[in-house]
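Asks: need coordinates for the following:
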Amino acid sequence: MRQLKPVKLGYGGQAYIRRLFGCHHETLALGIAELEDESALKGERIRQVGGGRKSAFETIAGLDEAFLRVLERHTAGSNRCRVKWTNLKRHEIAVLLKEAGIDVSVTVVDQLLEKHNFRKRKAVKTLATGKSEHRNEQFETIERLKQSYQAAGNPVMSMDTKKEN
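Replies: The predicted structure is shown next:
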C-alpha cells in the first residue's frame, strides 16, 4: 500500500481546497490530521464500529404493531401457510402509517412487508380448458361488423374481455 503524506498547500491553498470541495475548514483539518496519523492509515475500517443511522425498527416504538393494525383490514391469506397478501400499495401503506402518527418511507414499508411474510399478489393466467366450435365464427362476425362500421365512417373500438364463471 502506498504511504500518503500531507502536501503543503502553500498560501491560500487550504482555502482553495475548501472552496473546491465545498467543505468546512474543520473537515479539512480533520482530513489532514488523519493523513498524518499512521494508525489510521493502517486501519482497514473507514468508519467507527456502530456508526451510521440506526434502523427504523430500533428507533420507532410500536412500528410493527402499527403496521399490523394498518393492514388487518387489507390482508388476505392464512397464518397457517405463513404467506399473506395485501391489496394496498407500498405508498398507500406509508400514508396510512403517517396518519397513525408514524412517518416512514416505502423502503421501510418493504422491510416490514418482508419481515411479516407479506408477498405481492401476482395475476394468474389460466389456459383455456376447451375449444368452442363457434370461436372462429365469432372473430369473423367481429371483423365483418368492424369493416361495415369503418366503411360508413364510424369509429371502431375493440375490447377483449373475459366472462366470469
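
Asks: hey, let's count contacts and neighbours off CA atoms from now on
Replies: Noted.

Asks: for the helix or strand hosting Ile142, give the mean pLDDT please.
Replies: If you go by DSSP states H and E, Ile142 is part of helix 135-151. The average of the pLDDT scores along helix 135-151 is 84.

Asks: can you list contacts of that helix?
Replies: With contacts defined as C-alpha atoms under 8 Å, 6 or more residues apart in numbering, helix 135-151 is touched by Pro155, Val156.

Asks: how about the contacts made by the spatially most central residue of the chain?
Replies: The residue lying closest to the centre of the chain (C-alpha atoms, centre = their mean) is Thr107, at 5.3 Å. Going by C-alpha under 8 Å, 6+ apart, Thr107 touches no other residue.

Asks: what's the answer for Val106, then?
Replies: Arg90, His91, Ala94.

Asks: and the nearest residue to the second one once chain neighbours are set aside, how far from Ser158?
Replies: If I follow you right, that is His91. The spatial neighbour of His91 that comes closest, neighbours along the chain excluded (C-alpha to C-alpha, 6 or more residues apart in numbering), is Val106 at 5.9 Å. Val106 sits 38 Å away from Ser158, going by C-alpha to C-alpha, to the nearest Å.

Asks: follow-up on the earlier one: so how do I select the buried members of the contacts of Val106 in PyMOL?
Replies: In PyMOL, this line selects whichever of the contacts of Val106 come out buried by 16 or more other C-alpha atoms under 10 Å:
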select buried, resi 90+94
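
Asks: okay, domains of the protein per the record?
Replies: Taking automatic domain parsing as the reference, the chain has its domains at 1-45, 56-119.

Asks: make CSV out of the ones you listed and add mean pLDDT and distance to Gln138.
Replies: What follows is the domains of the chain, written out as CSV (pLDDT from 0 to 100; distance: least, C-alpha to C-alpha, whole Å):
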stretch, mean pLDDT, distance to Gln138
domain 1-45, 76, 70
domain 56-119, 88, 36
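
Asks: which of those domains sits most buried?
Replies: domain 56-119 (a mean of 14; mean count of other C-alpha atoms under 10 Å).

Asks: in contact with the spatially closest residue to Asp103 that is not a sequence neighbour, which residues?
Replies: Counting by C-alpha to C-alpha, 6+ apart, Leu97 is the residue found nearest to Asp103 once chain neighbours are left out, at 6.5 Å. By C-alpha under 8 Å, 6+ apart, the contact set of Leu97 is Ala66, Phe67, Val70, Asp103, Val104.
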